[in-house]
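**Student:** Mind looking at a prediction? Sequence and model below.
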Amino acid sequence: QQQVKQSPQSLIVQKGGIPIINCAYENTAFDYFPWYQQFPGKGPALLIAIRPDVSEKKEGRFTISFNKSAKQFSLHIMDSQPGDSATYFCAASTEDAGNMLTFGGGTRLMVKP
Amino acid sequence: NAGVTQTPKFQVLKTGQSMTLQCAQDMNHNSMYWYRQDPGMGLRLIYYSASEGTTDKGEVPNGYNVSRLNKREFSLRLESAAPSQTSVYFCASSNKGGSTEAFFGQGTRLTVV
């Protein structure tokens, strides 16, 4: 049973476009929602994270939107670049459980020049 | 600063063989984790260690054992490898507590034939 569902599985956009990746979760105890970026042959690396007491967080070209009532959160990449081509994972955890992350299935993003 | 180091990077095993995946971190983190990554399923937690001397099962522990050798090192052992264990394995570490970044190694690509 996948507690964090991510969509789409793959996404192709043109340079400058705004890819949006969506995640939905089931466990209302989750209180930390990070996004990880993974390049081929590398381990995932933290990109941006949000806690449920805010509805939006922006870091550079990356924005998380969070809807607590709908149990959904999404990643927007503004002015996307070919260097953003990677696999993106949403995740969730609870403070009581330390940093044991439950991951979504991943989205493979390709940004065309 | 090496971060999280995993060895080996690649391994091919025959069904029934055993092997140990090694992981070491130099960030003085309390918590360490083993995940496996399979296409479309994100990363799934195999085992974790909240602190030196403790280990607990994650989502998919069957067929694996772990050892937290000291604060730096956390190994994953496959006693009798099966084709279903073909995957990419990632070790990660973090400081205990929610909202803290997990740092991942570069992964071990394991093929069981």
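**Tutor:** That came through, no problem. Quick caveat, the model's predicted, so the values are computed rather than measured.
**Student:** Just list whatever residues bridge to the most centrally placed residue in chain B.
**Tutor:** Nearest residue to the geometric centre of chain B (CA atoms, centre = their mean): B:Trp34, 2.8 Å. Under DSSP bridges, the beta-bridge partners of B:Trp34 are B:Tyr47, B:Cys91.
**Student:** Just confirm A:Pro19 contacts A:Val13, I think it does.
**Tutor:** Yes - between A:Pro19 and A:Val13 there is a contact at 4.8 Å, judged by CB atoms under 8 Å. C-beta: built from backbone N, CA, C; applies to glycine.
**Student:** ok, back up a step: hmm, the residue nearest to the centre of chain B is touching B:Arg68, no?
**Tutor:** No - using CB under 8 Å, B:Trp34 is not in contact with B:Arg68; the gap is 10.8 Å.
**Student:** Can you check which residues contact both of these two?
**Tutor:** Common neighbours of B:Trp34 and B:Arg68 are listed as B:Phe74 (criterion: CB atoms under 8 Å, 6 or more residues apart in numbering or on different chains).
**Student:** Find me the pLDDT at B:Gly98, would you?
**Tutor:** Note on B:Gly98: pLDDT of 54.
**Student:** circling back: overlap of the contact sets of A:Pro19 and A:Val13?
**Tutor:** A:Ser80, A:Leu109, A:Val111.
**Student:** Just the ones in helices from these, please.
**Tutor:** Judged by DSSP state H, the shared contacts of A:Pro19 and A:Val13 include no members of helices.
**Student:** Show me how to select, in PyMOL, the buried members of the residues you listed.
**Tutor:** A single PyMOL command selects the buried members of these (16 or more other CB atoms under 10 Å in any protein chain shown):
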select buried, chain A and resi 80+109+111
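**Student:** So which of the shared contacts of A:Pro19 and A:Val13 belong to strands?
**Tutor:** A:Leu109, A:Val111 (DSSP state E).
**Student:** So which residues on chain A come close to chain B?
**Tutor:** Contact residues, chain A versus chain B (CB under 8 Å from any CB of the partner chain): A:2, A:4, A:6, A:9, A:31-32, A:34, A:41-46, A:49, A:51, A:89, A:91, A:93-106.
**Student:** Could you pull up the residues touching the closest residue to A:Lys71 other than its chain neighbours?
**Tutor:** Nearest non-adjacent residue to A:Lys71, counting by CB to CB, 6 or more residues apart in numbering or on different chains: A:Tyr25, 5.3 Å away. Going by CB under 8 Å, 6+ apart, A:Tyr25 touches A:Gln3, A:Val4, A:Lys5, A:Phe33, A:Lys71, A:Gln72, A:Phe73, A:Ala92, A:Thr102.
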